[in-house]
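Enquirer: Here is my input; please provide its structure:
(chains A and B)
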Amino acid sequence: MRVADSTLYLGRVAVPATPRAARNALTREVRSMSVRERAWYALLVAGLGIGAVSALLALPPGWEVMGTSPSFEWGLLIIGYVFFAIMTSGLCLASSLGTVFGIERFLPFEKRHAILALLSLTTAFGIIALELHYPIRMVFGAVLVIAPSSPMWWMGVFYGGYLVVLIVEVWTLFTNHPIIHKYACTTAAGIGICAPVTLGAVFGVLAAKPYWNGVFTPILMIASAFVGGVGLLGIVFWAVNRFRLADWRSSEIALGSVRLLLAFGLLVVSALLARQIAAGLTSDVPGFRPSTEVLVTGPLAPAFWGIRIFLGILVPLGILAVPRLRTPTFTGVAAGLALVGILADRTLFVYAGELVPRTTMAGTIGYPYAEYTPSLVEIGIMLGAGAFMAMAFSLCERYLDMGGGDVHVFWPWPWIKRHDHDEHEAEGGQPNAEAAGAGAPAAVAGAGAAVAAAIAVDGEQR
Amino acid sequence: MTEPLEPQDGEPDATPEPDATPEPDETRDATPVSDETRDATPEPEPELDATLDLTSVLNAIPAPADAPADAVLVPLETIAPQIEQASLTRRAFLGFGVALAGGVAGAAVLGQLFPVFASAEDQVSPLVPDYNPKSKAWTFVVDTSRCIGCGLCVVACKEENHVPESAEFTRTWVERHTTMTDGTLYVDAPDAGINGFPATSTAPGAEGKTAKSSFFQPRLCMQCADSPCTAVCPVSATYKTEDGIILVDARRCIGCGYCVVSCPYGARYITPADEDTPASMPGVADKCTWCYHRITRGQVPACVEICPVGARRFGDANDPTSTVRADALAAGAQPLHPEYGTQPRVLYLGPTLQEA
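Expert: Modelled structure (predicted):
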């Protein structure tokens, strides 16, 4: 560590040490950007500004700035928290196919998934901290007093541990700790299943809310987590392909994998959703049928049929089913729509659970439906959360080495063809052009060996 | 390079006169040199003493020009490492003391901010002298055939417990169940019943319809034996006392609202800001406590005391002379919505929802 010319040198990293140096560095960075990049960052800064102002308004025990009430206690911020939290799990589940099980076509997910997962979880924690009126007490209270009967306590345990594991995973991804990285990837994949189960149990144990109650809620949560994570990966790898970001040649493989996983996930989610609706419409559990009818024929029906079913499931499935539309752009569109569908799913899930009151709530009868309109502060926090994640990931793309996936497969299954990563590494990291096969773009110099091997697999399949 | 302060065995004497060598310091002798220090010191180099006391340091200061000839004269630079180490040792000691004091102070502050155990000074504390909670079986009985919907119970509750004035936030309320001549059923609770009820139902859709029958139903926390609110609280801020009353420790509540959505009877709310609240703390869960601060001191809840028609009755079912014991055993006494499976401990007499 040394200081010279108003700059602090930490190893290979140079940090401006004075406000003047920081301003100069920022000016240089902005000047080096294209107009499109500047517009993108300006948009994100605006979103962050809105989010920051909203967060400041909500920081004091800010009940009065939220649109919630005893009749509708969980609103937009809970929706946002669930959306980002389960997306973390989906990212890890999708990439675990490559990082844990060694399936080569999923290996290109590794670096970006880890960063996205960490950012998504951080965003989720930020949202829930603003939703909770006393978040610091949560940290101390959950540690000092164990509450094993509470799914929310378990959720805190798993997601808290998840954050630590993801930090380790990202750290080892950019340092030379392959053994730790292997274990971190495997642990993250394991928690990636457990964490959404606990999150689903938070809703599933509530007998007071029949639409949420039941063992299928955690299962639906895992399935929609998977689709959410894959959808985000699809958008990111479309951007990598479109804007020729680092290691962009592997995005073809990644997008092919996204298509496969997205189709599978959407079909599973569709089946679970159909089961939920059928069970609700035929149920004699008090409150379950009215809540389901609110979705199917009630005030939520336009959003349910229009966004959740049509845009969120049918259109993406249609895009994925047509061979001519298997392009990066259409894959990105399908992934984006699937992600919108998952956001709509979380929203409708929370709304349907609370919209039909079963009783007078603290003296107020919500008749025929409980009232809830998200406040501007809640909307601002959500905008800020999205902007934070996009900004942080954009900066990671700009400043971190996102290329050349240094893949560490923990559990090489015997029936899966091992890639010759180690051999290539010994040969100086050059890809094996012969292994790429006809039509595969593996001959590109500088591409990582693992990516080349993955491309080879894809080439063979084609 | 450093030189030894004192001669070592087998080494030449560094002092001018052998008899002028200072007496070995006891403290120094009593303090063994650590293995690490030995290991770190090259073999030819003399050992360094990391625990020099003030005497040895003073002895090491060069004597003035007019000092006697037998004074110890050691160049300052030769003992600089020792002085530095002594200084470090002292600094480390001070740092340790500061850290310890900071830790104790921090723990005290955290203990105040995040209390774990109940205190006798709590506003609602189970620690009341001469009160045996294990002997109690508190029971609340509501007789809907007597309730006239005056709303005095709601007023008394808000006054007694500093419940927010707004009708949205009530610990206890009164609702009216009306069955129309066409068989439709409406429930209304204008302003939680605090101002009484108009002649006709205010429920949307009830306008113009003729009522066949109606009754008032006071509502409050059911103090469920199998309470979902205590089970789901992630920080155990909601807890059950030994006599079965469910309370909220406002100092530990994080305001997540999980208990609010888990209560099938809608008995909870999150305290709003800018209003008088039971614990003078906005953003925490609150609910009816059956006036725990009163019943542990031999009184009845405020709503029971003020009810002009005796529709709300309260007592210890373990007490053979208690009227609620007879009420609880009376035919027709039943909990509200037993199908939720929470084993509520409020029993209702009189017409129920189905009998309106």
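
Enquirer: quick one: the helices in the stretch 151-300 of chain A?
Expert: Here the stretch 151-300 of chain A has its helices, by DSSP state H, counting those that start in this stretch, at A:151-173, A:178-204, A:216-242, A:251-282, A:288-296.

Enquirer: Which element is encountered next along the chain beyond the shortest one?
Expert: In this case it means helix A:288-296. helix A:301 (DSSP states H and E).

Enquirer: And the contacts of that following helix?
Expert: Helix A:301 is contacted from outside by A:294-295, using C-beta atoms under 8 Å, 6 or more residues apart in numbering or on different chains. Placement of C-beta: from N, CA and C, glycine included.

Enquirer: Check stretch B:339-350 too.
Expert: So stretch B:339-350 is in contact with A:207-208, A:286, B:138-147, B:215, B:217, B:220-228, B:244, B:264-265, B:327-328, B:330, B:332-338, going by C-beta under 8 Å, 6+ apart.

Enquirer: Now the buried members of the residues you listed.
Expert: A:207-208, B:138-144, B:146-147, B:215, B:217, B:220-224, B:227-228, B:244, B:264-265, B:327-328, B:333, B:335-337 (16 or more other C-beta atoms under 10 Å in any protein chain shown).

Enquirer: quick revisit: so of the helices of the stretch 151-300 of chain A, which one's packed in deepest?
Expert: helix A:216-242 (a mean of 25; mean count of other C-beta atoms under 10 Å in any protein chain shown).

Enquirer: From the chain's centroid, how far away is that helix?
Expert: 6 Å (C-alpha atoms, centre = their mean, to the nearest Å).

Enquirer: now stretch A:195-212: mean pLDDT?
Expert: For stretch A:195-212, mean pLDDT is 94.

Enquirer: Can you give me the end-to-end span of that stretch?
Expert: In stretch A:195-212, first residue to last residue: 17 Å (C-alpha to C-alpha, to the nearest Å).

Enquirer: That stretch near chain B anywhere?
Expert: Yes - using C-beta under 8 Å from any C-beta of the partner chain, stretch A:195-212 reaches chain B at A:202, A:205-209.

Enquirer: could you dump stretch B:232-251 to PDB, C-alpha only?
Expert: Extracted as PDB, the C-alpha positions of stretch B:232-251 are listed here (Å, rounded to 0.1, in the frame of the first residue of the first chain):
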ATOM      1  CA  VAL B 232     -44.300 -17.100  14.200                       C
ATOM      2  CA  CYS B 233     -42.500 -14.200  15.900                       C
ATOM      3  CA  PRO B 234     -38.900 -14.400  14.700                       C
ATOM      4  CA  VAL B 235     -37.500 -12.600  17.800                       C
ATOM      5  CA  SER B 236     -39.800 -14.000  20.400                       C
ATOM      6  CA  ALA B 237     -41.100 -10.500  21.200                       C
ATOM      7  CA  THR B 238     -44.500 -12.000  21.400                       C
ATOM      8  CA  TYR B 239     -44.600 -14.400  24.300                       C
ATOM      9  CA  LYS B 240     -47.000 -16.100  26.500                       C
ATOM     10  CA  THR B 241     -47.000 -15.600  30.300                       C
ATOM     11  CA  GLU B 242     -47.400 -18.500  32.700                       C
ATOM     12  CA  ASP B 243     -51.000 -17.600  33.200                       C
ATOM     13  CA  GLY B 244     -51.600 -17.900  29.500                       C
ATOM     14  CA  ILE B 245     -51.800 -14.200  28.500                       C
ATOM     15  CA  ILE B 246     -50.000 -13.300  25.300                       C
ATOM     16  CA  LEU B 247     -48.000 -10.100  25.500                       C
ATOM     17  CA  VAL B 248     -45.700  -8.100  23.200                       C
ATOM     18  CA  ASP B 249     -42.400  -6.800  24.400                       C
ATOM     19  CA  ALA B 250     -42.300  -3.600  22.400                       C
ATOM     20  CA  ARG B 251     -38.600  -3.100  23.000                       C
END
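
Enquirer: and the residue in the stretch 251-400 of chain A positioned nearest to chain B, how many neighbours?
Expert: Of all residues in the stretch 251-400 of chain A, the one sitting closest to chain B is residue A:363 (3.1 Å; C-beta to the nearest C-beta). Using other C-beta atoms under 10 Å in any protein chain shown, residue A:363 has 28 neighbouring residues.

Enquirer: tell me which element the spatially most central residue of chain A is part of?
Expert: Residue closest to the mean C-alpha point of chain A, counted by C-alpha atoms, centre = their mean, is residue A:87 at 3.0 Å. Using DSSP H and E, residue A:87 falls within helix A:76-99.

Enquirer: Quick one: residues contacting residue A:216.
Expert: Counting by C-beta under 8 Å, 6+ apart, residue A:216 touches A:204, A:272, A:275-276, A:279.

Enquirer: how near is it to residue A:295?
Expert: Separation of residue A:216 from residue A:295 (C-beta to C-beta, to the nearest Å) stands at 15 Å.

Enquirer: And for residue A:249?
Expert: 44 Å.

Enquirer: same deal with residue A:130?
Expert: Distance from residue A:130 to residue A:295, by C-beta to C-beta: 28 Å.

Enquirer: Next: residue B:339.
Expert: 24 Å.

Enquirer: Same question for residue A:303.
Expert: 9 Å.

Enquirer: go on, residue B:322?
Expert: Remark: distance between residue B:322 and residue A:295 (C-beta to C-beta) = 49 Å.

Enquirer: hang on, isn't residue A:121 packed against residue A:81?
Expert: No - here residue A:121 lies out of contact with residue A:81, judged by C-beta atoms under 8 Å, at a distance of 10.4 Å.

Enquirer: Contact partners for residue A:130?
Expert: With C-beta under 8 Å, 6+ apart, residue A:130 has these contacts: A:55, A:58-59, A:77, A:381.
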